[in-house]
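Chemist: dropping a prediction and its sequence here:
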Amino acid sequence: MTSKLRTVVHLVALLIPFLAEATSKSIILAILIAVTITYILSEELRLRGKQLPLITKFTLRMSRENETPRLVTAPIYLAVGVIMSLFLFPKNIAYASIAIVAVGDPMAAYFGRRFGRIHIGRKTLEGFAAGVIVSFTVALIWVPPYLALAGSVAGMLLELLGILDDNLTSPIGAGIVMSIANIL
């Protein structure tokens, strides 16, 4: 159940570009920042033995057992990665970066668990490949193929290597690589 809920949270991030286009980037940024702050406050309360009923219950259902004694940071990293992408990059690259983490990470995890044979640390080459293919395909909505490929490979490579938290590094790394590729 935990991995399914985590997948849903990632996939919900895919709505961000569409919501930003339907409303405005400023409104979406304000909402994301407010939700992130509320989540952090709820986690602080949880660690002190108090609860914000809906948020705390959802966090506990979504968390792995080893995460619950401390601050559950994965949603914070994902939110900050999305927020930073919206702040740092032009609209099309920001949206593609968000798409890469939203679909690439859960697809890499799913295919890695299900079909993974070649391990690189805790991840698999098969998961990496699936993440690249799926995130490339979705990134094409916002950027041309050469940028989608560069961003997808960069984002999934950061996910594969597990440097810091991939929820943070994947969208930012993908955006940086796409921005450089766009200049070249």
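Modeler: Yep, it's here.
Chemist: state the distance from the residue lying closest to residue 121 once chain neighbours are set aside to residue 60.
Modeler: If the residues on either side of it in the chain are set aside, residue 121 comes closest to residue 162, at 6.2 Å by C-beta to C-beta, 6 or more residues apart in numbering. C-beta coordinates here come from the backbone N, C-alpha and C atoms, glycine included. When distance is defined by C-beta to C-beta, to the nearest Å, residue 162 is 24 Å away from residue 60.
Chemist: in this structure, which residue sits furthest out from the middle?
Modeler: No residue in the chain has its C-alpha farther from the mean C-alpha position than residue 49, which lies at 28.6 Å (C-alpha atoms, centre = their mean).
Chemist: on the three-state scheme, that residue is what?
Modeler: The local conformation at residue 49, judged by DSSP: H, G, I helix; E, B strand; the rest coil, is coil.
Chemist: stretch 85-105: which residues count as buried?
Modeler: Of the residues in stretch 85-105, those scored as buried under the neighbour-count criterion (16 or more other C-beta atoms under 10 Å) are 85-86, 89, 92-105.
Chemist: export it as PDB, just CAs?
Modeler: Once side chains and other backbone atoms are set aside, the C-alpha atoms of stretch 85-105 remain, and they are given as PDB (Å, rounded to 0.1, in the frame of the first residue of the first chain):
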ATOM      1  CA  SER A  85      11.900  23.900 -11.000                       C
ATOM      2  CA  LEU A  86       9.100  26.500 -11.400                       C
ATOM      3  CA  PHE A  87      11.400  29.200 -10.000                       C
ATOM      4  CA  LEU A  88      14.600  28.400 -11.900                       C
ATOM      5  CA  PHE A  89      13.700  27.300 -15.400                       C
ATOM      6  CA  PRO A  90      11.700  28.600 -18.300                       C
ATOM      7  CA  LYS A  91       8.100  27.300 -18.400                       C
ATOM      8  CA  ASN A  92       8.600  24.500 -20.900                       C
ATOM      9  CA  ILE A  93      11.800  23.100 -19.200                       C
ATOM     10  CA  ALA A  94      10.200  23.500 -15.700                       C
ATOM     11  CA  TYR A  95       7.100  21.500 -16.800                       C
ATOM     12  CA  ALA A  96       9.300  18.800 -18.400                       C
ATOM     13  CA  SER A  97      11.400  18.600 -15.300                       C
ATOM     14  CA  ILE A  98       8.400  18.100 -13.100                       C
ATOM     15  CA  ALA A  99       7.000  15.500 -15.500                       C
ATOM     16  CA  ILE A 100      10.300  13.600 -15.400                       C
ATOM     17  CA  VAL A 101      10.200  13.200 -11.600                       C
ATOM     18  CA  ALA A 102       6.400  12.700 -11.500                       C
ATOM     19  CA  VAL A 103       6.400   9.700 -13.900                       C
ATOM     20  CA  GLY A 104      10.100   8.600 -14.200                       C
ATOM     21  CA  ASP A 105      10.700   7.900 -10.500                       C
END
